[in-house]
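> coords below, sequence missing:
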């Protein structure tokens with residue numbers, strides 16, 4: 001089979017699998033009134049994410065979850081690939097909510113699977129009032145329900161081989177809630193990174209590493225910009241060491 005045709009076949013199988021499992025998982029969540037959401041996160045969606053990456057020819061290496069704090073955390077990561085979400089959900093965290101941009105709602109199979117694990121959708125930046133209300137609501141949820149949250153520091157941007165500027169929103173949230181900020185570095189070699197596309201991927205490896213845990217107990221609102229830049233510098237240093245380059 002020609003390489004191009006094989007990639008389209010892999011993509012068709014991957015999205016078909018995502019749709020079927022997503023429908024089943026969403027039905028389970030609805031029928032159980034949310035009681036099976038943890039089951040979806042740990043087994044159905046985590047297993048499907050691993051399978052999809054395998055179908056796309058991607059090997060995944062995940063960190064040992066024993067290294068993470070037991071209490072609720074804010075997990076943040078570099079986000080420059082359309083494959084990142086599959087790698088992160090493959091970790092199978094149960095008491096955690098993922099933050100996704102409303103921009104992704106147009107990808108129907110992804111949305112179905114996301115809804116089955118209770119993904120929360122962030123309004124885009126041009127919806128300022130709704131975006132502010134969203135973060136306020138999320139902060140209250142973290143404090144009340146004691147859940148962890150996964151969110152990209154870079155937010156919506158054109159993917160590239162590098163580390164994009166960080167947004168303030170997630171660091172404001174971490175400052176208010178005082179939960180530790182866990183820095184996850186997603187290592188995808190440039191040659192196998194499809195960036196914004198799901199069609200231009202090549203066989204390769206994705207490795208997720210924990211590169212730091214920041215204590216937010218003494219963080220103050222006026223230091224948000226300083227703290228987000230401290231976090232970004234850690235990611236930039238790791239990126240430069242990993243790919244033997246020099247970005248800033």
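Arrived safely, thanks for sending. These figures come from a predicted structure and were not determined experimentally.

> report the buried residues of the top helix by length along the chain.
In the chain, assigned by DSSP state H, the helix with the most residues is helix 3-31. Using 16 or more other Cβ atoms under 10 Å as the test for burial, helix 3-31 gives 7, 10-11, 14-15, 17-18, 21-22, 24-26, 28-29. C-betas here are computed from N, CA, C, even on glycine.

> also stretch 221-236?
224, 227-228, 231-232, 234-236.

> what sits up against it?
Applying Cβ atoms under 8 Å, 6 or more residues apart in numbering, the contact partners of stretch 221-236 are 76, 78, 153, 163, 165-168, 171-172, 175, 181, 183, 185, 211-212, 214, 216, 219, 247-248.

> average pLDDT for it, rounded please.
The average pLDDT for stretch 221-236 rounds to 96.

> next one: that stretch to chain centre, how far?
19 Å (Cα atoms, centre = their mean, to the nearest Å).

> same question, stretch 77-97
The mean C-alpha position of stretch 77-97 is separated from the chain mean by 4 Å, Cα atoms, centre = their mean.

> do stretch 181-195 as well
11 Å.

> kindly report the same for stretch 179-190.
Distance, centroid of stretch 179-190 to centroid of chain: 9 Å (Cα atoms, centre = their mean).

> grab the longest strand from this protein for me.
strand 204-214 (DSSP state E).

> next secondary structure after that strand?
helix 224-243 (DSSP states H and E).

> quick one: that following helix to strand 204-214, angle?
Between the axes of helix 224-243 and strand 204-214, defined by axes from the mean of the first three to the mean of the last three Cα atoms, to 10 degrees, the angle is 140 degrees.

> hmm, back to that, past the longest helix of the chain, which element shows up next along the chain?
Helix 3-31 is succeeded, C-terminally, by helix 37-39 (DSSP H and E).

> can you list the buried residues in the following helix or strand past that next one?
Using DSSP H and E, the helix or strand that follows helix 37-39 in sequence is helix 45-55. Residues of helix 45-55 classed as buried: 45-46, 48-53, 55 (neighbour count, 16+ other Cβ under 10 Å).

> now render the residues you listed as a markdown table, adding distance to residue 130 and pLDDT.
Formatted as a markdown table, the buried residues of helix 45-55 follow (distance: Cβ to Cβ, whole Å; pLDDT from 0 to 100):
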| residue | distance to residue 130 | pLDDT |
| --- | --- | --- |
| 45 | 27 | 96 |
| 46 | 30 | 97 |
| 48 | 30 | 95 |
| 49 | 29 | 96 |
| 50 | 34 | 96 |
| 51 | 35 | 93 |
| 52 | 31 | 92 |
| 53 | 33 | 92 |
| 55 | 36 | 87 |
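
> any weak-confidence spans in the protein?
1-4, 194-201 (pLDDT under 70).

> quick check, central residue of it?
residue 85 (4.8 Å; Cα atoms, centre = their mean).
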